[in-house]
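Undergrad: Task: produce atomic coordinates for the following.
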Amino acid sequence: MKILVLNSGSSSLKFQLFDMPSGRVLVKGLAERIGEKSGRFKANDYLLETVLPTHREALELLSKFLLSPENKIVKNTKEITVVGHRVVHGGDTFIQPTLINQEVKEKIKELFSLAPLHNPANLTGIETAEKIFPDARQVAIFDTAFHQTIPEVNHRYAIPGQFYDLGIRKYGFHGISHQYVSQKAVEILGKNNSKIITLHLGNGASATAVWNEKSYDTSMGFGPMNGLVMGTRSGDIDQSIIFYLQDKLQFSPDEVQNILNKESGMKALAGTNDFRDIEKAVAEGSKKALLALEIYTNSIKKYIGNFIAQMNGIDALVFTAGIGENSPLVRKMICKNLDYLGIAIDDDKNNNPIDNQYDISSEFANVKLLVIPTNEELEIARQSYQLMV
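TA: The predicted structure follows:
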């Protein structure tokens, strides 16, 4: 079964075509700068610089690439049985992989206000794919679904019940990634009732407590700004600051949202949200860059301690996503002074990985420290396949 996975952003479209159930990747690529003056389409080794006015042109290029006699990937678009879509916010309605129909699309629209930067783009990808691949079944995999197992004691806020009834609660994000890497960690541990903390550290970042293979708590909340310090997002912040910005400093609600979502985090602390530049500055002796990294890693350590206390222990701490997978310095700073909890890093293993998935824990540690590359697209393909068989 050939399953095409799409991850639609406002100006980009990531895609992978899988042969399932083997998980073999047939095509992997990205269309970017959609809607801008110049765009780029890349599939495997093929690269084309061209204008991409909308997502439709990007998917039409993908269709042509798949059907090209030189590539011999598919004879016709009917060979693509399923198109699996990443949808960021499913509210409390969508808790599992879902076949897309008009009712589902309407519900995704209703959730635009909860994920204004993501759900509209996700729906655009769905509606475009329906036209380009009309014979395929369209499936939605929701980023929030994995976190629907979080108990009320962790997902409910201490605000009047009328707001809870309106759906104001913790939802969590990066669920597809947390689910994928936690399953990999369970396989490595080979034990039941595992207690795992997964750290998805990219420009957006979140931590999740996974207890017995289910999400038990997570750092992001009603929206994706909460929790850890991130590339451009503030993470946890005193709510009174928001009122002060609006009432005393006369910023509008939209301006405050932009400040906290796009102008804060590492960008505000270090002057950039590119961790390569930040680490280079640290190596050159920048106190500003070092302080930024300390604030960043401390925000992560607070959640590690929180989750260990809630689960009464930990079997594995998992690092994933761009920073988690590629920054030995960030991993080392996170693990510093956690030896009391059984967490100790092996510097040699941390700095010299043998392969993509590896153990960086010290031989004296009681907790496995694992670096596991995330693969959200493969997880979407797996869940889509399981829905269809």
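Undergrad: where does the protein have low pLDDT?
TA: 10 (pLDDT under 70).
Undergrad: Export stretch 89-98 to CSV, keeping only CA atoms.
TA: Presented in CSV, the C-alpha positions along stretch 89-98 are these (Å, rounded to 0.1, in the frame of the first residue of the first chain):
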residue,chain,number,x,y,z
HIS,A,89,-5.2,20.8,16.7
GLY,A,90,-8.0,18.3,17.1
GLY,A,91,-9.5,19.8,20.2
ASP,A,92,-11.2,17.2,22.4
THR,A,93,-13.1,15.8,19.4
PHE,A,94,-10.4,13.9,17.5
ILE,A,95,-8.5,11.4,19.7
GLN,A,96,-7.5,8.9,17.0
PRO,A,97,-6.7,8.6,13.2
THR,A,98,-9.7,9.9,11.3
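Undergrad: which other helices and strands contact the helix or strand where Leu66 lies?
TA: Assigned by DSSP states H and E, Leu66 belongs to helix 55-67. Here helix 55-67 touches strand 12-19, strand 24-32, strand 39-43, strand 46-50, helix 119-132, going by 3 or more Cβ pairs under 8 Å, 6 or more residues apart in numbering; DSSP states H and E. Placement of C-beta: from N, CA and C, glycine included.
Undergrad: Now do it and strand 24-32, the angle between them.
TA: 150 degrees (axes from the mean of the first three to the mean of the last three Cα atoms, to 10 degrees).
Undergrad: Tell me which residues are up against helix 55-67.
TA: For helix 55-67, contacts defined as Cβ atoms under 8 Å, 6 or more residues apart in numbering pick out 8, 13, 15, 17, 27, 29, 31, 34, 39, 41, 43, 46, 48, 50-52, 71, 73-77, 80, 124-125, 128-129, 131-133.
Undergrad: just the helices and strands packed on helix 55-67: most buried one?
TA: Counting by mean count of other Cβ atoms under 10 Å, strand 12-19 has the highest mean neighbour count of those, with a mean of 22.
Undergrad: Paired strands for it, with orientation please.
TA: strand 2-8 (antiparallel), strand 24-32 (antiparallel) (DSSP bridges).
Undergrad: For it, what is the distance to the chain centroid?
TA: Strand 12-19 sits 16 Å away from the centroid of its parent chain (Cα atoms, centre = their mean, to the nearest Å).
Undergrad: Just the residues contacting that strand, thanks.
TA: So strand 12-19 is contacted by 1-7, 24-34, 43, 55, 58-59, 62, 66, 73, 80, 125, 377-378, 381 (Cβ under 8 Å, 6+ apart).
Undergrad: and what of stretch 91-106?
TA: Outside stretch 91-106, the residues touching it (Cβ under 8 Å, 6+ apart) are 85, 87, 90, 107, 110-111, 114, 123, 126-127, 137-142, 144-145, 148, 167, 169, 171, 383-384, 386-387.
Undergrad: Walk me through the domains of this protein.
TA: Per the record, the chain has its domains at 2-142, 190-371, by automatic domain parsing.
Undergrad: what's the neighbour count on Asp355?
TA: Residues lying near Asp355 (other Cβ atoms under 10 Å) number 7.
Undergrad: Check for me that it belongs to a helix.
TA: No - counting by DSSP: H, G, I helix; E, B strand; the rest coil, Asp355 falls outside a helix, being coil.
Undergrad: hang on, the earlier thing: adding distance to Lys287, write the strands paired with strand 12-19 out as TSV.
TA: Shown next, in TSV, are these (distance: least, Cβ to Cβ, whole Å):
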stretch	distance to Lys287
strand 2-8	38
strand 24-32	36
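Undergrad: which one of these lies closest to Asn226?
TA: Of all these, strand 2-8 sits nearest to Asn226, with 22.4 Å by Cβ to Cβ.
Undergrad: Now do the closest one against helix 119-132, angle only.
TA: 140 degrees.
Undergrad: ok, and what's touching strand 2-8?
TA: 13-20, 26, 55, 74, 79-86, 121-122, 124-126, 129, 133, 136, 376-377, 380-381, 384-385.
Undergrad: Swap in 7 Å and give it another go.
TA: 13-20, 55, 74, 79-86, 121-122, 124-125, 129, 377, 380-381, 384-385 (Cβ atoms under 7 Å, 6 or more residues apart in numbering).
Undergrad: before we move on, what about stretch 220-233?
TA: 114, 168-173, 203-207, 219, 234-236, 260-267, 273, 295-296, 299-300, 303.
Undergrad: Please compute how far that stretch lies from its chain's middle.
TA: The answer for stretch 220-233 is 12 Å, by Cα atoms, centre = their mean.
Undergrad: Quote the end-to-end distance of it.
TA: Chord length of stretch 220-233, first to last residue, is 11 Å (Cα to Cα, to the nearest Å).
Undergrad: before we move on, what about stretch 312-327?
TA: 28 Å.
Undergrad: Also stretch 315-327?
TA: For stretch 315-327, by Cα to Cα, the gap between its terminal residues amounts to 22 Å.
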